[in-house]
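Novice: Give me a 3D structure for the following:
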Amino acid sequence: MSKRNQTLGEFIIENQNSFKYSSGELSKLINSIRLAAKVVNHEVNKAGLVDIIGAAGDTNIQGEDQQKLDVYANDKFIQTLTKRNIVCGIASEEEDDFITINSQDENHQNKYVVLIDPLDGSSNIDVNVSVGTIFSIYRRVTPLGTPVSIEDFLQKGNKQVAAGYVVYGTSTMLVYTTGHGVNGFTLNPAIGSYYLSHPDMQFPEDGNIYSVNEGNYLDFPLGIKKYIKYCQEDEGERPYTSRYIGSLVSDFHRNMIKGGIYMYPKSTKNPKGKLRLLYECNPMAFIAEQANGKASDGFNRIMDIEPTELHERVPFICGSKNMVEKAEEFMRNN
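Specialist: Residues are numbered from 1 along each chain as shown. Prediction:
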């Protein structure tokens, strides 16, 4: 039985036999992400003291301005995962293409690929608002000992073996699932260890928070517009409270604890949606479902979507189950 305040390392060892594929490799992989997150957290906490905030001067594959911390976090996660020789491939939101690791080694038997958003919400760094890291882990589908290919990364979300996020806020937390519930660990900066602080995290089935960028209201589909008006009506438990940080990790984390819905629908500006299926939506959907929540594109389960490209975007509605189902009802009827 997992105990509050046990370290993340102790938790991983205690629970590794519950992993679908218990080889120890997945445990080492989670530990590597933990290490890289600590390094990134240290740098995030120095923002304003050193030259790490602001734009890096480049754009990523999506045409978005890269922040200096985007580049730093991307480098640190890739370096950590590569040097520890536990994955066969990495895909990052900040990279044009996936990265093959040890592709020339015929005896390379690593089984996992990692997809990562190294620093979600990085545009908020300059104003000291919480940011995060999102990661997703799959078993490769191509033969062991061969270079990874695009099909190893273009897997449905329901094939994930683990997913999680780190939120760098007033305290730093690592939250993850391997398909057996969701647990949250808080970093004690004095000694550098994560401790189990939020065991068996669950979305309340109902909530009273809706999170959406209402500045884009005029560009939203009619169903989303009507659902927002429904949230604002003075009836029953409503009106709901509007809370939007603009950092997916932070908005999701709050809603999972307090109960709520997060929405980033398609719009006339972003007709396919804005969030990335592989780096953001699939891992958050996996966590949501393991925490008694729900994730949808407005009509379909996120984790059943067949990816067609590495940086594919989709509409995203996620959170307390009853709230998501109500939003889907408005989408179907309009």
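Novice: is it true that residue 136 touches residue 278?
Specialist: Yes. At 6.9 Å, residue 136 and residue 278 qualify as touching, with contact defined as Cβ atoms under 8 Å. The C-beta positions use only the backbone N, C-alpha and C, and glycine is treated the same way.
Novice: Give me the common contacts of the two.
Specialist: Common contacts of residue 136 and residue 278 (Cβ atoms under 8 Å, 6 or more residues apart in numbering): residue 115.
Novice: Which of the two has more residues huddled nearby?
Specialist: The residue with more neighbours, out of residue 136 and residue 278, is residue 136; 29 against 25, by other Cβ atoms under 10 Å.
Novice: Beta-bridge partners for the more buried one, please?
Specialist: Here residue 136 sits in beta bridges with residue 115, residue 163, going by DSSP bridges.
Novice: Repeat that for residue 174.
Specialist: Residues in beta-bridge contact with residue 174 (DSSP bridges): residue 166, residue 185.
Novice: and the gap between it and residue 205?
Specialist: 25 Å (Cβ to Cβ, to the nearest Å).
Novice: who has more neighbours, those two?
Specialist: Per other Cβ under 10 Å, whichever of residue 174 and residue 205 has more neighbours is residue 174, with 24 against 14.
Novice: From residue 132, how far off is that one?
Specialist: 10 Å.
Novice: anything in contact with each of those two?
Specialist: Common neighbours of residue 174 and residue 132 (Cβ under 8 Å, 6+ apart) are 165-166.
Novice: Identify the residues contacting stretch 322-331?
Specialist: 205-207, 210, 221, 223-224, 226-227, 230, 260-261, 263, 293-296, 298-299, 317-318.
Novice: Flag every buried residue along it.
Specialist: For stretch 322-331, a neighbour-count test (16 or more other Cβ atoms under 10 Å) marks 322-324, 326-328, 330-331 as buried.
Novice: Return the set of residues that bridge with residue 263.
Specialist: Counting by DSSP bridges, the residues bridging with residue 263 are residue 317.
Novice: Residue 224 is in contact with that one, correct?
Specialist: Yes. Contact criterion Cβ under 8 Å: residue 263 and residue 224 qualify, at 6.5 Å.
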